[in-house]
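Participant: My questions are about this predicted structure, shown below with the sequence.
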Amino acid sequence: MSRIVTMDGSPELAAELADVLPRQWRMSTDDPRWVDAIVLVRPDRMRVKRTRAEYPDTPILALVDHDAPVAEVVGVLEAGADACVRDGRPDLVGDHLRAYSGNTPRRFSAA
């Protein structure tokens, strides 16, 4: 199944992620209304909140630093991220994105 993923915050990680996603998936910098998932790199609570408000039906995966305090993780989840990963390794991020395979509603299940 074809999926389109957009990433905000790290062009380097986006390029690395494109290498580990399934072949039929693609990374895009297009309007997130036309993508299947949005990955936010090191977002603060307000960035997640704005993204959720603007794209209420698109899954949001927030990437935070591996040593981020629990309050930061809780903050991005409460702000509207569907999942939060404490590591930016492309293979781990790709696994989280592959875990999402539903159609409607377009939301991640907690992993």
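Facilitator: Cool, the structure landed. Numbering: from 1, shown residues only.
Participant: C-alpha from now on. contacts and neighbour counts both.
Facilitator: OK.
Participant: Asp8 contacts Arg42, doesn't it?
Facilitator: No - between Asp8 and Arg42 there is no contact under C-alpha atoms under 8 Å: 9.2 Å.
Participant: Name the residue in those two with the higher neighbour count.
Facilitator: A side-by-side neighbour count of Asp8 and Arg42, using other C-alpha atoms under 10 Å, places Arg42 first with 20 against 15.
Participant: which residues sit in contact with the closest residue to the more buried one other than its chain neighbours?
Facilitator: Leaving aside its sequence neighbours, Arg42 sits nearest to Val64 (C-alpha to C-alpha, 6 or more residues apart in numbering; 4.8 Å). Val64 makes contacts with 41-43, 73, 84-88, as judged by C-alpha atoms under 8 Å, 6 or more residues apart in numbering.
Participant: repeat for Glu78
Facilitator: Taking C-alpha under 8 Å, 6+ apart as the contact definition, Glu78 lies against nothing.
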